[in-house]
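Kindly generate the corresponding structure for this input.
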Amino acid sequence: MWRKIGILLVLTSVLLFACSSGQPKIMLERGRIDVGEVVNGEIATRQISVSNEGKANLVIEAVTTSCGCTKARLEPMTIPPGGSGVLTIEFDSAAHGEELSGSLIRQIFITSNDRQQPEVLVELAATVIAQTSP
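Residues are numbered from 1 along each chain as shown. Okay, here's the model as predicted:
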């Protein structure tokens, strides 16, 4: 009986290792970007690296933002093990009109096939300042 339990434990361990070793793992260069002061009417663009530290292809299923003033795209949308891609973020400070000023935070959500982290968040912070008159 102990022999059967031992064999069962070994088989279970091998199966768990096989299932967990072939997973993608998303990693962000950083989770927060501060673009500083942006004059209302300007577009601030930043890039960060998104890498795959897993052992299977990382498939990006969606890149979405919390506001229409922020656009984001990731290239490529499939990242091989050990590879990386570039997340490009554009913040349009004029999207809410000329009267907008002050500090704000927007979010970028990346959804992928990483089972441990199916969604990761990047925060973008900016301080919108009024245009100066000529």
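
which SSE is residue 3 in?
helix 2-21 (DSSP states H and E).

as a whole number, average confidence for that helix?
Mean per-residue pLDDT for helix 2-21: 60.

So for this structure, the centremost residue is which one?
Geometric centre of the chain, nearest residue: residue 110, 4.3 Å, by C-alpha atoms, centre = their mean.

ranges for the strands of this structure?
With DSSP state E as the criterion, the chain has strands at 26-28, 32-39, 43-52, 58-65, 70-75, 78-79, 84-92, 102-112, 119-129.

Kindly reformat the ones you listed as TSV and extend each row with distance to residue 3 and mean pLDDT.
To be clear about C-beta, it is placed using only N, CA and C from the backbone, and glycine gets the same treatment. As requested, those are exported to TSV (distance: least, C-beta to C-beta, whole Å; pLDDT from 0 to 100):
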stretch	distance to residue 3	mean pLDDT
strand 26-28	42	97
strand 32-39	54	96
strand 43-52	41	97
strand 58-65	41	98
strand 70-75	51	98
strand 78-79	44	98
strand 84-92	47	98
strand 102-112	42	97
strand 119-129	45	97
